[in-house]
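Peer 1: Need coordinates for the following:
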Amino acid sequence: MEKDKLYRLVRRYRDGSITDHELKELKKYIHQETSDQLLEDIFAELAEKSPLPWLATENADEHYSAIQQRINRQYEQAPSSRFRKWPFMRVAAALFILIGVTALLFTDTDLFDRSEDGTDREQKQWSAIVPGTNKAKIVLENGREIDLEKLADNTSVTMDGYTLTKNKKGEISYRMLDGKTLENGLYNTIVVPRGGEYKLNLPDGSEVWLNAVSSLRYPLNFGEVARKVELTGEAYFRVVKKTVGTKKLPFIVQVGDQELEVLGTAFNLNSYTDRIKTTLVEGAVRLRFPNRREEKLLPNQQSIYSTRSGKIQVEKINPYYTIAWRTGSFAFDNAPLGEVLDCLSRWYDVSFEYAVDKEPVRFTGSISRYENIETLLGLIEMTNSIKFEIKERRIKVI
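Peer 2: Modelled structure (predicted):
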């Protein structure tokens, strides 16, 4: 294969724009015994143009050494039929170091197939853990629950004064019935469980994407004073501008004792822990905290509010790492092991038990949220000499 074509395929894979046909073509080339030198040249060229942040740190050699040791262990344990693939294992380490997690093409092939190292029972346990799906329930004002996973696409449910519709994409929206007026104070709550995600179109036309283990309480009639909702967990909002006469109607999100007010903007809120993270993508928002404290955010700024200490921190960030989940990726920028595994825990509906210190180990990179969990944990094992043991849906970190 010509270098220009191979370079284009690797770059398109890293950028997430590769087609199925191109991916098959790239994998076929990668597993040729003579592919390693040209691949190394391409990886080096890509890395020079967009290196990972930690490559310039004093710990870079340690990261590379850890990866090499992990691959060496895989090689020593590999059956003889797989020895011929060893020349590429050296390239695999270089690929991870130079390009990042997203470029680890070999992870969904048989290079690191752990089923040969463990029992059939263990492999079945890994296979039983699948990525999250589109699932949630709506809790009505009267306590009735509607399981959205069981509600067929292109289906409407008629209530007193409005209809709730699930479109062909699985998204939920509301429409008021002709001649009907809803009284203020009627609320619905959407609840997204572990292993789920969901998109909701609010009655005012604003869009909300909810991550796993999240909920949003919202009125069916926003009224003429303000549009106010209550969030737990994590959600990405795209708020439309609304007016009543000449008055702009603000949109308010209550997260614990933090209140966020916008007029029309896009932002992400994460409140899984006692540190509420607000990330602004477009527009402007005003944050209110206890004791009448306020902060205003501009695009590409993030505020971190500690509900325990009351401390507020505002910094400029790359929002990609915060909002990648909405477009189907895990993305981490120097994130500690605990934060990474917490994300996996919510998405794959598993629990982790730690026998190691989870803070010193950090990760940078991104990968699809729809990869199998064994692949993701395999990457972590490669980079930091950490191992995982599975028992049903409990995974021990050793």
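Peer 1: Which of the residues in stretch 307-327 are classified as buried?
Peer 2: Within stretch 307-327, the residues scored as buried using 16 or more other Cβ atoms under 10 Å are 307, 312, 314, 319, 321-326. All C-beta atoms are positioned from the backbone trio N, CA, C, and that covers glycine.
Peer 1: low pLDDT regions in the stretch 151-300 of the chain?
Peer 2: Applying pLDDT under 70 to the stretch 151-300 of the chain flags the ranges 179-184.
Peer 1: Wait, a strand at Ser156?
Peer 2: Yes - secondary structure assignment places Ser156 in a strand (DSSP: H, G, I helix; E, B strand; the rest coil).
Peer 1: which ones are touching it?
Peer 2: Neighbouring residues of Ser156 by Cβ atoms under 8 Å, 6 or more residues apart in numbering: 163-166.
Peer 1: which residues pair with it across the strands?
Peer 2: Thr165 (DSSP bridges).
Peer 1: ends of stretch 174-191, how far apart?
Peer 2: 16 Å (Cα to Cα, to the nearest Å).
Peer 1: Mind putting the buried residues of stretch 307-327 into a markdown table with distance to Thr155, pLDDT and secondary structure?
Peer 2: Output for the buried residues of stretch 307-327, formatted as a markdown table (distance: Cβ to Cβ, whole Å; pLDDT from 0 to 100; DSSP: H, G, I helix; E, B strand; the rest coil):
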| residue | distance to Thr155 | pLDDT | secondary structure |
| --- | --- | --- | --- |
| Thr307 | 39 | 94 | coil |
| Ile312 | 44 | 96 | strand |
| Val314 | 44 | 97 | strand |
| Pro319 | 35 | 95 | coil |
| Tyr321 | 36 | 95 | helix |
| Thr322 | 33 | 97 | helix |
| Ile323 | 30 | 96 | helix |
| Ala324 | 31 | 95 | helix |
| Trp325 | 27 | 97 | helix |
| Arg326 | 25 | 95 | helix |
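Peer 1: Give me the nearest residue to the residue nearest to the spatial centre of the chain, chain neighbours excluded.
Peer 2: Nearest to the geometric centre of the chain sits Trp325, at 2.8 Å (Cα atoms, centre = their mean). Excluding its sequence neighbours, the residue lying closest to Trp325 (Cβ to Cβ, 6 or more residues apart in numbering) is Asn211, at 5.8 Å.
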